[in-house]
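In: need a structure here:
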Amino acid sequence: MKIDGRKLDHATLQDIRFRAVKAVQQGKAPTEVARDMGLYANRVFVWLAAYRSGGWGALEAKAIIGRPKTLTARQIRWIYNTVTGKNPLQLKLPFALWTRGQIRTVIIRKFGVKLSLASIGRLLAQLGLTCQKPLFRAYQQNPSLVEKWLEEEFPKIRKEAKKKGAEIFFEDESGVRSDFHSGTTWARRGVTPVVRVTGQRFSLNMISAVSPKGSLRFMVVRGGVGARVFVRFLKRLMHGRRRPAFLIVDGHPSHRAKIVQRFVDSLDGKLELRFLPPYSPELNPDELVWNDVKNNGVGRAIVEKPSDLRRVVVGRLRYLQKSPAVVRSFFQAPDTKYAAAA
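Out: The predicted structure is shown next:
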């Protein structure tokens with residue numbers, strides 16, 4: 001049942017207004033606040049608009065007169081729904097991330113109201129919105145295929161692997177450059193530190209496979225990673241193995257090449273390749289291997305020549321190989337937890 005403000009005394013109504021606006025500023029959606037407090041959603045936006053024009057005084061039983069309203073409740077609601085529910089590209093903006101400048105542009109286009117960037121920032125804060133680093137997804141990704149993989153295909157693979165006594169691995173390839181750096185350093189306040197690095201640039205390619213049990217197999221190569229290199233890695237993966245293996249890979253052409261299929265067929269069922277949904281790297285726990293190698297290995301090392309890069313990369317991969325608990329943690333990320341060991 002919705003609260004009827006007409007039946008409430010001023011003090012109670014004022015308290016409800018304050019609690020609703022504070023809840024939104026703390027990060028709850030206005031519609032969620034309205035539902036939890038038994039309010040009409042539009043009232044929450046009315047109070048947000050009042051707060052914006054006159055501060056907390058505007059929410060008191062006898063509102064304090066403030067500067068004229070620049071945005072109505074309905075307009076603020078539209079802004080909130082647009083920023084939280086749409087991509088800027090859908091509104092024919094040039095950049096795919098919401099910035100204060102882009103939000104100002106859509107407000108001008110939609111309502112003809114001009115606000116400063118500082119005013120836009122205050123509005124977003126009042127709506128409980130913060131500036132955050134986004135997760136990226138390929139626009140070509142098909143959500144229905146991802147859902148099918150999570151709910152049907154991978155459970156089927158896991159069941160089949162258990163029946164055959166096979167171990168499941170996730171495979172991926174990546175490259176790393178000598179000029180990759182990560183992390184922070186200490187310096188005097190107000191003075192940006194400068195880290196001297198070599199101006200030369202060289203790279204190294206890596207292939208690895210991880211299992212939910214914490215196993216890691218890897219190979220480091222110079223040059224491209226094509227079908228023949230992939231076959232070399234498969235030979236290493238299967239060398240000395242007694243149990244069959246299910247290797248989950250992406251749909252790169254090198255993974256589907258005839259030379260690869262011939263090698264897999266020659267193993268008489270000991271190795272099977274299964275394919276992730278297109279454009280879905282976030283579903284592959286092996287992606288986190290490269291994140292670790294780059295940020296905790298190469299990104300924190302002095303790399304002056306190709307041999308340094310190889311030494312750092314191999315050293316970090318060997319560390320991970322001897323740290324099954326760390327490898328298992330790659331299966332605990334929000335997007336990879338589905339593949340964790342049962």
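In: which residues of the stretch 51-200 of the chain fall in helices?
Out: 73-85, 100-111, 117-126, 143-148, 154-164 (DSSP state H, counting those that start in this stretch).
In: now the ones you listed as TSV including mean neighbour count?
Out: C-beta here means a position set from N, CA and C on the backbone, and glycine is covered the same way. What follows is those, written out as TSV (neighbours: other C-beta atoms under 10 Å):
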stretch	mean neighbour count
helix 73-85	17
helix 100-111	16
helix 117-126	15
helix 143-148	13
helix 154-164	14
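In: how about those helices, which one is nearest residue 170?
Out: Evaluated over the helices of the stretch 51-200 of the chain, closeness to residue 170 peaks at helix 154-164, with 10.5 Å, by C-beta to C-beta.
In: who does the closest one touch, helix- and strand-wise?
Out: strand 167-177, strand 245-249 (3 or more C-beta pairs under 8 Å, 6 or more residues apart in numbering; DSSP states H and E).
In: Return the most buried member of those.
Out: For these, the stretch with the most neighbours on average is strand 245-249, a mean of 22; neighbours defined as mean count of other C-beta atoms under 10 Å.
In: Can you tell me what sits against that one?
Out: With C-beta atoms under 8 Å, 6 or more residues apart in numbering as the test, strand 245-249 has contacts from 157, 160-161, 166-172, 209, 234, 237-238, 255, 270-276, 284.
In: Where does pLDDT dip in the stretch 101-250 of the chain?
Out: 133-141, 178-200 (pLDDT under 70).
In: returning to what we had before: would you mind putting the helices of the stretch 51-200 of the chain into CSV with distance to residue 325 alongside?
Out: Shown next, in CSV, are the helices of the stretch 51-200 of the chain (distance: least, C-beta to C-beta, whole Å):
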stretch, distance to residue 325
helix 73-85, 37
helix 100-111, 43
helix 117-126, 40
helix 143-148, 28
helix 154-164, 21
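In: out of those, nearest to residue 332?
Out: Ranking these by proximity to residue 332 (C-beta to C-beta) places helix 154-164 first, at 16.0 Å.
In: Tell me what angle the closest one forms with strand 167-177.
Out: Computed with axes from the mean of the first three to the mean of the last three C-alpha atoms, to 10 degrees, the direction of helix 154-164 lies at 120 degrees from that of strand 167-177.
In: Check the offset of helix 154-164 from the chain's centre.
Out: On the basis of C-alpha atoms, centre = their mean, to the nearest Å, helix 154-164 is displaced by 28 Å from the centre of the chain it belongs to.
In: tell me the angle that helix makes with strand 245-249.
Out: 160 degrees.
In: can I get the CA coordinates of helix 154-164 in CSV?
Out: The C-alpha coordinates for helix 154-164 follow below in CSV (Å, rounded to 0.1, in the frame of the first residue of the first chain):
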residue,chain,number,x,y,z
PHE,A,154,28.8,-26.0,-20.2
PRO,A,155,26.8,-28.1,-17.7
LYS,A,156,26.5,-30.7,-20.5
ILE,A,157,30.3,-30.5,-21.1
ARG,A,158,31.0,-30.9,-17.4
LYS,A,159,28.7,-33.9,-17.1
GLU,A,160,30.2,-35.5,-20.2
ALA,A,161,33.8,-34.9,-18.9
LYS,A,162,32.9,-36.5,-15.6
LYS,A,163,31.4,-39.5,-17.4
LYS,A,164,34.6,-40.0,-19.4
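In: Other residues contacting it?
Out: In contact with helix 154-164 (C-beta under 8 Å, 6+ apart) are residues 166, 167, 168, 244, 246, 248, 274, 338, 339, 342.
In: which one among those gets closest to residue 220?
Out: Comparing those against residue 220 with C-beta to C-beta places residue 248 closest, at 21.2 Å.
In: picking that back up, same list (the helices and strands packed on helix 154-164) but as JSON lines, adding distance to residue 101.
Out: As requested, those are arranged in JSON lines below (distance: least, C-beta to C-beta, whole Å):
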{"stretch": "strand 167-177", "distance to residue 101": "32"}
{"stretch": "strand 245-249", "distance to residue 101": "41"}
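In: between those, which gets nearest to residue 224?
Out: Closest to residue 224 of those, according to C-beta to C-beta: strand 167-177, at 9.3 Å.
In: and that closest one, which strands flank it?
Out: Counting by DSSP bridges, the strands paired with strand 167-177 are strand 203-210 (antiparallel), strand 245-249 (parallel).
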